[in-house]
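In: the sequence isn't on hand, but the structure is:
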């Protein structure tokens, strides 16, 4: 039996590198609010979470390009088979992805989130991350037409809101509080009353084409006072039938014109910068009384690295003037350590340090337990201590395939080599969706694959950093990359059509029923409760104790003062055990099983030899947690 026990040579080398990093950044002032160490995030895509008010549903005129969409367009029924197409979609063309799905609307809104706050509270989460809620034509709202108004179709009176918004100018003194804005702050107040914080998405690199400044350019051409806000290559000539307006846009998407930078490129243009600061204050201190308790608790910043650093330095400084306890998290997909320090963000969405290693070891089995442990250690120590505990530890998001589908399509099971070895094909190849890969498996996860999802969730709840769930993961939702990762939430009080269809000739295998996986939901509640009740899991130190590559075992601990928890993860297909290093646990201590991903803590093994060496074991594809008790 080959057992790899810490400390190994590789680990010692990694530790020396970490120690140097610690000394370099030990004395830096904190920019991470204390509360985020205790956060359990829940990400909500508003249009797809819950339709709480059908009276405010989007209409044909509200779509991105209504002239290109048949007049027969209607709201898509919430419970319809995702891959079944409506008549208006078939009118557009034969392809699921090219003809219709991106124009679908399901009617999710703020009232739906309010209606489900008790559900979220019962789940155990305490912080909501909302994808963009500001007015925009798309379903994803990353094409903001206003940064100071909630989308009217998320509120109770869209018609009146649009009429009110039409009376405003760029001057904040003219800005009104719409019905949708008021409902948003009602959501914030109700969430706060339940002990739930809210952070929102800030998209400050680009706008939609109906954004007031860009719309003025479309109307007035080079006479517009906002010409310098954007990078305009050519203006429209009204004397010709074609539209000659050309401008710089985000990744060549003409619906997303980009803001211009300052002359030297070190900052955002002063016009949009001033506007963004004004809009930021509106959401953080809505009544401008200096008390931020009625505003949002933080921000997630979209494509942050595409906006100049000086803007973020000033913006983060201003945010903390408004609320010293505000949390700002940047979307950054690689090593973000230096970037966060330079720009002043609290943390990053931890794709690099958590999601990618988790995929490699748990989903794909392409990295052994030893290397997995080293990756977790090294990438965690790329950040100062306070930042580590504020990192958003996610498995998936609106920008990736869902975790369950990553597992179903695991690289080892499919016998596929990686296209991008550096990040283990985490959302980086055409294989992440049936939209670009005709062998993509759209099936629901089977029982063994659900076991792996539970292991991954346990890793989230027991690692350094704040776990973040993507809506629906807890009930078993699955799907490939955009748009299939943005299906309507599955609720217990709704009856869904079976998923029997598929795109581009594909068909799902296995279970085709669409319903809440109650066993999985109960597991998530218990796993979150474990984190919420054990301070060591939220604030304790982390160290890898032992690994076994052949058996796919890793054991690590979390320690806070006298409290110590030990976690064992068995990714392998057989019941397996691992021996801990001599002296890893005091000879007089005992181990009490607290939690097991199979729901049976009694199935965990903990045996002490006569020489006081402990061996821990777990059933196949099972993780366990023990509490170390001293006499």
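Out: Structure received. Just so it is clear, the model here is predicted, and its values are computed rather than measured.
In: list the buried residues in stretch 408-420.
Out: 408-411, 416, 418 (16 or more other C-beta atoms under 10 Å). From N, CA and C alone the C-beta is placed, and that goes for glycine too.
In: that should have said stretch 552-572, apologies.
Out: Neighbour-count burial for stretch 552-572, counted by 16+ other C-beta under 10 Å, picks out 552-558, 564-572.
In: just stretch 299-310 next, same as before
Out: Within stretch 299-310, the residues that count as buried by 16+ other C-beta under 10 Å are 299-305, 307-308, 310.
In: now do residue 21, the pLDDT please.
Out: Looking at residue 21, its pLDDT reads 41.
In: same question, residue 411
Out: Looking at residue 411, its pLDDT is 75.
In: do the same with residue 30
Out: If you check residue 30, the pLDDT there is 63.
In: nearest residue to residue 468 other than its sequence neighbours?
Out: residue 41 (3.6 Å; C-beta to C-beta, 6 or more residues apart in numbering).
In: so what's the one you found bridging to?
Out: Residues in a beta bridge with residue 41, per DSSP bridges, are residue 127, residue 468.
In: tell me the contacts of it?
Out: Contacts for residue 41 were tallied using C-beta atoms under 8 Å, 6 or more residues apart in numbering; they are 125, 127-129, 392, 394, 466-469.
In: return the member of these nearest to residue 508.
Out: residue 469 (23.6 Å; C-beta to C-beta).
In: how many neighbours does the residue lying closest to that closest one once chain neighbours are set aside have?
Out: Spatially, and ignoring its direct neighbours in sequence, residue 469 is nearest to residue 42 (5.2 Å; C-beta to C-beta, 6+ apart). For residue 42, the neighbour count with other C-beta atoms under 10 Å is 23.
In: hang on, residue 42 packs against residue 124?
Out: No: in this structure residue 42 lies outside contact range of residue 124 using C-beta atoms under 8 Å: 9.4 Å.
In: what segments of the stretch 401-550 of the chain are strands?
Out: Per DSSP state E, counting those that start in this stretch, the stretch 401-550 of the chain carries strands over the ranges 466-470, 541-548.
In: contact partners of the helix or strand following the longest one?
Out: In other words, strand 541-548. Using DSSP states H and E, the helix or strand that follows strand 541-548 in sequence is strand 553-560. Residues outside strand 553-560 that contact it (C-beta under 8 Å, 6+ apart): 369, 372-373, 462, 534-537, 539-548, 564-572, 576-578, 580, 616, 628.
In: paired strands for the following helix or strand past strand 553-560, with orientation please.
Out: Sequence-wise, the next helix or strand downstream of strand 553-560 (DSSP H and E) is strand 563-570. Next to strand 563-570 in the sheet, as set by DSSP bridges, lie strand 553-560 (antiparallel), strand 622-629 (antiparallel).
In: quick one: residue 591 and residue 555, what's the gap?
Out: 12 Å (C-beta to C-beta, to the nearest Å).
In: swap that for residue 221, please
Out: According to C-beta to C-beta, residue 221 and residue 555 sit 66 Å apart.
In: elements contacting the helix or strand containing residue 356?
Out: Under the criterion of DSSP H and E, residue 356 resides in helix 356-358. Packing contacts for helix 356-358, counted by 3 or more C-beta pairs under 8 Å, 6 or more residues apart in numbering; DSSP states H and E, involve helix 369-380.
In: okay, which residue is most central for this structure?
Out: In the chain, the C-alpha nearest the mean C-alpha coordinate belongs to residue 397, at 4.1 Å (C-alpha atoms, centre = their mean).
In: residues contacting that one?
Out: 43, 349, 468, 470, 485.
In: hang on, it in a helix?
Out: No: assessed with DSSP: H, G, I helix; E, B strand; the rest coil, residue 397 is coil; it does not lie in a helix.
In: how far is stretch 169-189 from where the chain is centred?
Out: 26 Å (C-alpha atoms, centre = their mean, to the nearest Å).
In: no, scratch that, I was asking about stretch 161-181
Out: 30 Å.
In: how far does that stretch stretch from start to finish?
Out: 9 Å (C-alpha to C-alpha, to the nearest Å).
In: Throw the strands paired with strand 563-570 into CSV and include mean pLDDT, thanks.
Out: Shown next, in CSV, are those (pLDDT from 0 to 100):
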stretch, mean pLDDT
strand 553-560, 98
strand 622-629, 97
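In: and those strands as a markdown table, adding distance to residue 610?
Out: Below are the strands paired with strand 563-570 laid out as a markdown table (distance: least, C-beta to C-beta, whole Å):
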| stretch | distance to residue 610 |
| --- | --- |
| strand 553-560 | 21 |
| strand 622-629 | 20 |
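In: now do the helices in the stretch 201-350 of the chain.
Out: Ranges of helices in the stretch 201-350 of the chain, per DSSP state H, counting those that start in this stretch, are 212-220, 270-284, 309-322, 337-343.
In: remind me what the first one packs against, helices and strands.
Out: I take that to be helix 212-220. Here helix 212-220 touches helix 270-284, going by 3+ C-beta pairs under 8 Å, 6+ apart.
In: show me which pair in the buried residues of stretch 552-572 is furthest apart.
Out: Greatest spatial distance among the buried residues of stretch 552-572 (C-beta to C-beta): 564 and 572, at 25.3 Å.
In: wait, isn't residue 383 in contact with residue 338?
Out: No: using C-beta under 8 Å, residue 383 is not in contact with residue 338; the gap is 9.9 Å.
In: neighbour count: those two, which is higher?
Out: Taking neighbours as other C-beta under 10 Å, residue 383 and residue 338 compare with residue 383 leading, 27 against 10.
In: helix or strand: which one has that one?
Out: Counting by DSSP H and E, residue 383 is found in no helix or strand.
In: phi, psi of the residue lying closest to residue 261 once chain neighbours are set aside?
Out: Once flanking residues are discounted, residue 261 sits nearest to residue 308: 5.6 Å by C-beta to C-beta, 6+ apart. Per-residue torsions, residue 308: phi -60, psi 150 (degrees, to the nearest 10).
In: what sits against residue 308?
Out: Going by C-beta under 8 Å, 6+ apart, residue 308 touches 261-262, 265-268.
In: any weak-confidence spans in this protein?
Out: Scanning the chain for pLDDT under 70 picks out 1-30, 412.
In: domain parsing for it?
Out: For the chain, automatic domain parsing gives the domain ranges 4-31+537-629, 34-208+267-527, 212-252.
In: now do the end-to-end distance for the last one.
Out: Terminal residues of domain 212-252 are spaced 21 Å apart (C-alpha to C-alpha).
In: off-centre distance for it?
Out: Between the centre of domain 212-252 and the centre of its chain there are 34 Å (C-alpha atoms, centre = their mean).
In: give me the common contacts of residue 591 and residue 555.
Out: 566, 616.
In: and the residue lying closest to residue 149 once chain neighbours are set aside, how many neighbours?
Out: Leaving aside its sequence neighbours, residue 149 sits nearest to residue 135 (C-beta to C-beta, 6+ apart; 5.0 Å). When neighbours are defined as other C-beta under 10 Å, residue 135 has 28 of them.
In: over to the one 4 residues further on?
Out: Here the neighbour count serves as a burial measure; for residue 139 (other C-beta under 10 Å) it reads 22.
In: which residues touch it?
Out: Neighbour list for residue 139: 47-48, 102, 104-105, 486 [criterion: C-beta under 8 Å, 6+ apart].
In: tell me which two in the residues you listed are the farthest apart.
Out: Farthest apart among those by C-beta to C-beta are 48 and 102. That separation is 13.0 Å.
In: which of those two has more residues huddled nearby?
Out: Neighbour totals were compared for residue 48 and residue 102, and residue 48 leads with 26 against 15 (other C-beta under 10 Å).
In: picking that back up, next one: the residue nearest to residue 469 from residue 387, what distance?
Out: 21 Å.
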